[in-house]
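below is the sequence, then the predicted model.
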Amino acid sequence: MNRTTLFALVAALLAPMIANAGTLEKKFSFQGRISSGGLPVTGSLPMTFSIWDSPFAGNQIGSSLVFAGIPIEKGVFTTQLDFGVDIYTGSPRWLDIVVNGQALTPRQLITGVPYAIQTRGMFVDQAHNVSMDATVPTTSKLHVETATHTEAIVAMNNNTSGFASAIYGESNNNINGTGVYGRVKNATGLTNGVRGDSWSASGRGVWGRATSATGTNYGVYGQNSSVDGAAIFGLANNADGTAISGQAAGANGYAGYFVGRGYCSGNVGIGTPPSPSFQLFVSSALNQTIRTESNASS
């Protein structure tokens, strides 16, 4: 070949990707024109395609696609190229083409439409895991990272009737499943693994429910590993408010049940008005207000 020219046409590129997203989402159509001695070529020629990170020299990305013979009609050929999805990381990529042993120059810059496989910071790997602003998706189905936003994900439900959730999590693991899991990795600062806010006068910032009628289950469970920490902590910002409140619906239930020591820094009242006037104030209409027993042998 005395002279070779080549160009890419991308107008019909998206149609096969949308029509059969399950099988063709990784492919894109490439159309080129080959001439020899100024005349269009007709016939069949072997071609090799590869992806590189530079228009000249550089490093090859992924494997080459080798075709024993691609039909050429009046200088025009069309082929489907499938390099997978992992090569599209957001960095520039160039297509290198070798026709019948001759490398065509310059390499072709891969522009918008092939890069639609990985769309502006969204990456999908071979297992259909999706990541946003993370170069390589993790093993989770959706991985979102941000270093500039207050929230990585914002969900909003504007339904004004019925039971509506902005985010719903469900786990079908019957041993160690978690519907919604939150974790903060910072070792310092006032952080929250999971936080809930309610603006309603009768709302609940965090609400938990254990629906099983048997077993040792917990609507809300807290665990602490620090000497100075608390498994569950409540703070009443109103001078007359209650930090932690419990209510037993049944006559044999417990509004509060503790195994171990208990400590109160203020006055404690049992059966008294809301503000007991003594460190321990017990009031009862029964004949016996306080009864103490010892099961010790001496």
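Happy to help now that I have it.

could you check stretch 76-92 and say which residues are buried?
Across stretch 76-92, burial judged by 16 or more other CB atoms under 10 Å covers Phe77, Leu81, Phe83, Val85, Asp86, Ile87, Tyr88. Every residue, glycine included, has its C-beta placed from N, CA and C.

can you tell me, leaving aside adjacent residues, what's nearest to the fifth one?
Distance criterion CB to CB, 6 or more residues apart in numbering; nearest residue to Asp86, sequence neighbours excluded, is Asp125 at 6.1 Å.

pretty sure Thr272 contacts Val282?
Yes - with contact defined as CB atoms under 8 Å, Thr272 reaches Val282; the gap is 7.2 Å.

for these two, indicate the residue with more neighbours.
When Thr272 and Val282 are compared on other CB atoms under 10 Å, the one with more neighbours turns out to be Thr272, at 16 against 13.

the helices in the chain, which residues?
When assigned using DSSP state H, the helices of the chain occupy the ranges 14-19, 21-24.

ranking those helices by mean pLDDT, which is last?
Set side by side, those differ in mean pLDDT, and helix 14-19 is lowest with a mean of 34.

hmm, back to that, rebuild the buried residues of stretch 76-92 as JSON lines, extending it with pLDDT and distance to Gly266.
As requested, these are exported to JSON lines (pLDDT from 0 to 100; distance: CB to CB, whole Å):
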{"residue": "Phe77", "pLDDT": "89", "distance to Gly266": "86"}
{"residue": "Leu81", "pLDDT": "88", "distance to Gly266": "75"}
{"residue": "Phe83", "pLDDT": "85", "distance to Gly266": "70"}
{"residue": "Val85", "pLDDT": "70", "distance to Gly266": "62"}
{"residue": "Asp86", "pLDDT": "73", "distance to Gly266": "62"}
{"residue": "Ile87", "pLDDT": "76", "distance to Gly266": "66"}
{"residue": "Tyr88", "pLDDT": "70", "distance to Gly266": "63"}
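
so where's this structure shaky on pLDDT?
Applying pLDDT under 70 to the chain picks out residues 1-26, 89-90, 111-121, 126, 134-139, 174, 298.

tell me which strands the strand ranked longest in it pairs with, and in which orientation.
Longest strand of the chain, by residue count under DSSP state E: strand 60-72. In the sheet, strand 60-72 lines up against strand 43-52 (antiparallel) (DSSP bridges).

any idea how far the partner strand is from the chain center?
Distance of strand 43-52 from the chain centroid (CA atoms, centre = their mean, to the nearest Å) equals 39 Å.

buried set for that strand?
Going by neighbour count (16+ other CB under 10 Å), the buried part of strand 43-52 is Leu45, Met47, Phe49, Ser50, Ile51, Trp52.

who touches that strand?
By CB atoms under 8 Å, 6 or more residues apart in numbering, the list of residues contacting strand 43-52 from outside reads 30, 34, 58-72, 77, 79, 81, 83, 87, 93-101, 107, 110.

any of those residues buried? List them.
For these, a neighbour count by 16+ other CB under 10 Å gives the buried set as 30, 34, 61, 70, 72, 77, 81, 83, 87, 93-97, 99, 107, 110.

filter those residues down to the ones in strands?
Residues from the buried ones among the contacts of strand 43-52 lying in strands, with DSSP E as the criterion: Phe30, Ile61, Ile70, Ile72, Phe77, Leu81, Trp94, Leu95, Asp96, Ile97, Val99.

which pair of those residues spans the longest distance?
Using CB to CB, these span at most 26.7 Å, a distance reached by Ile61 and Ile72.

farthest-separated two in the buried residues of stretch 76-92?
Maximum pairwise distance among those (CB to CB): 26.5 Å, between Phe77 and Asp86.
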